[in-house]
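Chemist: From the sequence below, what's the structure:
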Amino acid sequence: MTDTSLSSTLHAKITARTAKAGVVGLGYVGLPLAMAFGRAGFSVTGFDIDPSKIEFIDRRESYIEAVPTEMLKAECEAGRFAATCDFNLLAECDIIAICVPTPLTAHRDPDLSYVAKTAEAIAKTLRPGQLIVLESTTYPGTTDEVVKPILERTGLKSGNDFFLGYSPEREDPGNRQFHTASIPKVVAGDGEAAAGLMQAFYGATVETIVPVSTTATAEAVKLTENIFRAVNIALVNELKLVYDAMGIDVWEVIDAAKSKPFGYMPFYPGPGLGGHCIPIDPFYLTWKSREFETPTRFIELAGEINTAMPHHIVTRLAEALDIRSGKALSRSKVLLIGLAYKKNVPDIRESPSLRLMELIERRGGSVAYFDPYVSEIPSTREYAELKGRRSIEWDEGALKSFDAVVIATDHDNVDYDAISRLAPLIVDTRNIFARKGISSDVIVKA
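Modeler: The predicted model follows:
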């Protein structure tokens, strides 16, 4: 069978909704994507190496906020979704989307081990006529330089025997304004046939597709989006330090500046960057740029500023304790409000709160946390010593027992009035009290 007939056959199956889709990696990206495929009328199989996720799905229970349990149950009971740890079943899928983590190593180099292992698993059952799509965020060239060679070691060739594409994920945990199908989807294929299949499949799944010329271009699109945010957040973090020294409230400056209806977009300072994308993605480009002997000083400086913010917060905390109570941080009990990296979600990936806990304890302080979304700290790559620590129970009386409260994440369902009344010192990294109109002499902005 020629590549033309293979692509025509798959295109016809996509149009008829008889193509079977597989999603590898059922986390914050993969599970919502699987739901979108299923709701578009495709039969979907989810794959994950974590048996607990499969057990949740078998019980018809969701573990991802963006996927309501009712939605998961409906897709399962309609026969459009099932999950497994058996990667041999990849052979039954016509389209396979790879949604696995792309973290950094300890030396801040790209760690593509999850992508490579997934490609190797797919290669074991790869057959003519399949469309393989990488969705994981990565540096330009990964699809062509990493995934493609692994798949072609089978003897099958991209664009002739199987088809290869890239479409960057654009999930935003906690954002209820958008969902997977309503977010415009950038798509690209390795060759004309793959590009056509990418447009047909994702065009059947989401409201809007944005075709680009190459997979490397699509990979660069995602990095550009997140570098834009990282650099601008670094800018306001640096402005915050400068304006603090001048006695100027950076939050007031931003609120006034955003009244300009053109030429300005508000970004806000914080205790550091969190989430899987913004703290990590810029370093994928800085790493790749070395191959071309092209410096990325601006991006690297932004990374340095954002990475230093937890140190600034802890220094501000120590100064405030000394000035307000004459007590050293090394002899103080500190309560951290919010462990998640952003408000109203249970996601702690790359959360600056974990770094804050580590830094406070490194300086001899005692630290506990309260988070209504994170009852216990799970295993993490960088903070193994924090595993198993639990959120304290909300108790107004207990607030008085802490020497300071640090607002690291501004969850909506926290009683800030009680904190302002009972805490002896509050270090507010999110400007939540000013935004709520709560004023108190014990509040220090940081």
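
Chemist: only C-alpha atoms for contact and neighbour calcs from this point on.
Modeler: Noted.

Chemist: F370 versus E393, what's the distance?
Modeler: 7 Å (CA to CA, to the nearest Å).

Chemist: These two: who's more crowded?
Modeler: Between E393 and F370, counted using other CA atoms under 10 Å, the more crowded position is F370 (20 against 12).

Chemist: show me the contacts for the more buried one.
Modeler: When contacts are counted by CA atoms under 8 Å, 6 or more residues apart in numbering, F370 touches 335-339, 391-394.

Chemist: Show me how to select, in PyMOL, the buried members of those.
Modeler: Here is the PyMOL command that selects the buried residues among those (16 or more other CA atoms under 10 Å):
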select buried, resi 335+336+337+338+339+391
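
Chemist: and the contacts of F370 as CSV, adding secondary structure, pLDDT and distance to G129?
Modeler: Listed next are the contacts of F370 as CSV, based on DSSP: H, G, I helix; E, B strand; the rest coil; pLDDT from 0 to 100; distance: CA to CA, whole Å:
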residue, secondary structure, pLDDT, distance to G129
L335, strand, 98, 56
L336, strand, 98, 53
I337, strand, 98, 52
G338, coil, 97, 48
L339, coil, 96, 45
S391, coil, 97, 50
I392, coil, 96, 54
E393, coil, 94, 55
W394, coil, 93, 56
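
Chemist: Quick check, pLDDT for G203.
Modeler: On pLDDT, G203 comes in at 98.

Chemist: Let me fix that, I meant to ask about D3.
Modeler: pLDDT, D3: 65.

Chemist: and if you look at A123?
Modeler: 98.

Chemist: Ok, D109 next?
Modeler: 88.

Chemist: Isn't it up against L285?
Modeler: No - applying CA atoms under 8 Å as the test, D109 and L285 come out as separate, 10.0 Å apart.

Chemist: how far is the longest helix seen in the chain from where the chain is centred?
Modeler: What stands out as the longest helix in the chain, according to DSSP state H, is helix 215-246. On the basis of CA atoms, centre = their mean, to the nearest Å, helix 215-246 sits 15 Å off its chain's mean C-alpha point.

Chemist: May I see the buried residues of the next helix or strand after that helix?
Modeler: Where DSSP states H and E defines the elements, the next helix or strand beyond helix 215-246 is helix 250-257. When burial is assessed from 16+ other CA under 10 Å, helix 250-257 yields the following buried residues: 250-251, 254.

Chemist: same check, this time on stretch 303-321
Modeler: Judged by neighbour count (16+ other CA under 10 Å), stretch 303-321 contains these buried residues: 303, 305-321.

Chemist: before we move on, what about stretch 400-409?
Modeler: 400, 402-409.

Chemist: from the residues you listed, which two are the most distant?
Modeler: Greatest spatial distance in these: K400 and T409, 20.1 Å, computed using CA to CA.

Chemist: per-domain residue ranges of the chain.
Modeler: 3-217, 228-445 (automatic domain parsing).

Chemist: which of those domains sits most buried?
Modeler: Per-stretch averages of neighbours, counted by mean count of other CA atoms under 10 Å, single out domain 3-217 among these, with a mean of 20.

Chemist: Please tell me how far that domain is from the chain's geometric centre.
Modeler: For domain 3-217, the distance to the chain centre is 17 Å (CA atoms, centre = their mean).

Chemist: What segments of the stretch 101-250 of the chain are helices?
Modeler: Ranges of helices in the stretch 101-250 of the chain, per DSSP state H, counting those that start in this stretch, are 113-123, 142, 148-152, 192-203, 215-246, 250-257.

Chemist: What of the stretch 251-400 of the chain?
Modeler: Using DSSP H, counting those that start in this stretch, helices in the stretch 251-400 of the chain cover 281-289, 297-325, 352-362, 396-399.

Chemist: Out of those helices, which gets nearest to E61?
Modeler: Using CA to CA, the helices of the stretch 251-400 of the chain put helix 352-362 closest to E61, at 28.0 Å.

Chemist: remind me which residues of the stretch 1-150 of the chain are low pLDDT?
Modeler: Along the stretch 1-150 of the chain, the parts satisfying pLDDT under 70 run over 1-3.

Chemist: so where do the strands sit in it?
Modeler: 20-24, 43-47, 81-84, 95-98, 131-134 (DSSP state E, counting those that start in this stretch).

Chemist: I'd like the ones you listed laid out as a markdown table, including distance to G272.
Modeler: Formatted as a markdown table, the strands of the stretch 1-150 of the chain follow (distance: least, CA to CA, whole Å):
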| stretch | distance to G272 |
| --- | --- |
| strand 20-24 | 30 |
| strand 43-47 | 33 |
| strand 81-84 | 36 |
| strand 95-98 | 29 |
| strand 131-134 | 29 |
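
Chemist: For the residue nearest to the spatial centre of the chain, which non-adjacent residue is spatially closest?
Modeler: By CA atoms, centre = their mean, the chain has its centre lying nearest to H276, at 3.4 Å. Of all residues beyond its chain neighbours, the one nearest H276 is R349 (5.8 Å), with distances taken as CA to CA, 6 or more residues apart in numbering.

Chemist: show me what contacts the one you found?
Modeler: If you count contacts by CA under 8 Å, 6+ apart, R349 has them with 274-276, 340-341.

Chemist: Out of these, which sit inside strands?
Modeler: If you go by DSSP state E, the contacts of R349 have nothing in strands.

Chemist: Find the pair from those with maximum spatial separation.
Modeler: Farthest apart among the contacts of R349 - using CA to CA - are H276 and A340, which lie 11.9 Å from each other.

Chemist: residues in contact with D371?
Modeler: 337-340, 391.
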